[in-house]
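**Student:** Structure here, sequence nowhere to be found:
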């Protein structure tokens, strides 16, 4: 839907280093030219090259028109805005019923479905044209086995349930005229592991704020006293990886790529160049829905910085039913923002 805001190529200006994907899809008409890898660990190849541009040039991507366009349009300019499908569709009347399917942990295209929903739903004045599904899935898992995502078990095959209960009746209704009972929004709530039937999304506005506190803690009340800062040293020579090394190529053969968004975050939170703020053990259920918004005040001594914020659910120290989940750190939400776009996405 939008290759700059959060699908495929960029996430808020930060480039997803997938030059092999670009090469294999575009270098030849029939995808017959494999990408020539020089290392098993993608981290080594990237660090030796020094930059995405140098790595791409070393592999001949400067010969490919699409790569040259990516390199020429680093900001969210007219090139990207003109092809953002949520913006394109918003300019046309709604004529056919649609069902938008969103994976809550879609590691490839997590932005698009809800963006299109926001663009189209106001046009659905009768409330029977725009439907949204939000499932606990990686990219495309709704057509696969949906009992688990990585180490997280859902106590049911969520994908099969959705195909039988939501997708099948929806298609039968609009293609054959069969009556259906499908809610405007069908959303899976992790934690309770239950599907919800909702009239819209988000179901209600945010009511509670979460604040960083002195002493590396968080709480539901703002901190008092003088303004304080928390500092860390970020060394570009030792960047924080999104998955444990070795960083392997994109593949759906195992969970390394497809389930990395639910990977145990202790590999990151234990690093000295990552700030971690931890709240007390929750004594009652807390529901987080919709799109979390972060208000971050930060400064860097460098020329630029990628700010990554993660909201993490920490499991109990011991989980008798599944011992390996003791202390597990599950990212409920996360995203990245490149600092140079802080004053406007359309210019660097």
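**Tutor:** Received it, and whenever you're ready, just let me know what you need. None of these values were measured; they are calculated from a predicted model.

**Student:** Stretch 145-161: end-to-end distance?
**Tutor:** End-to-end distance of stretch 145-161: 10 Å, with CA to CA, to the nearest Å as the criterion.

**Student:** from what I can see, residue 23 looks like it's in a helix, true?
**Tutor:** Yes - looking at residue 23 with DSSP: H, G, I helix; E, B strand; the rest coil, it is inside a helix.

**Student:** Would you enumerate the residues in contact with it?
**Tutor:** By CB atoms under 8 Å, 6 or more residues apart in numbering, residue 23 lies in contact with 33, 35, 59, 60, 61, 64. C-beta coordinates here come from the backbone N, C-alpha and C atoms, glycine included.

**Student:** so how far is residue 35 from it?
**Tutor:** 5 Å (CB to CB, to the nearest Å).

**Student:** intersection of neighbour lists for these two?
**Tutor:** Residues touching both residue 23 and residue 35 by CB under 8 Å, 6+ apart: residue 59.

**Student:** what's the weakest-modelled helix or strand in the protein?
**Tutor:** Using mean pLDDT, DSSP states H and E, helix 19-26 stands out as the lowest-scoring helix or strand of the chain, at a mean of 89.

**Student:** Flag every buried residue along it.
**Tutor:** Within helix 19-26, the residues that qualify as buried are 19, 20, 21, 22, 23, 24, counting by 16 or more other CB atoms under 10 Å.

**Student:** Find the nearest non-adjacent residue to the second one, please.
**Tutor:** The shortest distance from residue 20 to any residue other than its chain neighbours is 4.1 Å, reached at residue 35 (CB to CB, 6 or more residues apart in numbering).

**Student:** Just give me the neighbour total for the one you found.
**Tutor:** By other CB atoms under 10 Å, the residues close to residue 35 number 15.

**Student:** does it belong to a helix or a strand, and which?
**Tutor:** For residue 35, there is no host helix or strand (DSSP states H and E).

**Student:** re the thing from before, centre of the chain to the least confident helix or strand of the chain, how far?
**Tutor:** Helix 19-26 has its C-alpha centroid displaced from the chain centroid by 21 Å (CA atoms, centre = their mean, to the nearest Å).

**Student:** Which is the succeeding secondary structure element to that helix?
**Tutor:** Going down the chain from helix 19-26, the next helix or strand is helix 42-49, by DSSP H and E.

**Student:** average pLDDT across that next one?
**Tutor:** For helix 42-49, mean pLDDT is 96.

**Student:** Which residues belonging to it are considered buried?
**Tutor:** Under the neighbour-count criterion of 16+ other CB under 10 Å, helix 42-49 has 42, 43, 45, 46, 49 buried.

**Student:** where's the second one relative to residue 135, distance?
**Tutor:** Remark: distance between residue 43 and residue 135 (CB to CB) = 31 Å.

**Student:** Then residue 347?
**Tutor:** 37 Å.

**Student:** Looking at those two, which one has more neighbours?
**Tutor:** residue 135 (24 against 11).

**Student:** Distance-wise, check that one relative to residue 167.
**Tutor:** For residue 135, the distance to residue 167 - CB to CB - is 10 Å.

**Student:** Spit out the residues that contact the two alike.
**Tutor:** Common neighbours of residue 135 and residue 167 (CB under 8 Å, 6+ apart) are residue 142.

**Student:** Quick one: residues contacting residue 288.
**Tutor:** Per CB under 8 Å, 6+ apart, neighbours of residue 288: 311, 332, 333.

**Student:** Neighbour count added to these, as CSV?
**Tutor:** Formatted as CSV, those follow (neighbours: other CB atoms under 10 Å):
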residue, neighbour count
311, 15
332, 16
333, 18
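
**Student:** quick one: which of those residues is nearest to residue 77?
**Tutor:** Minimum distance to residue 77 across those is 27.4 Å, recorded for residue 333 (CB to CB).
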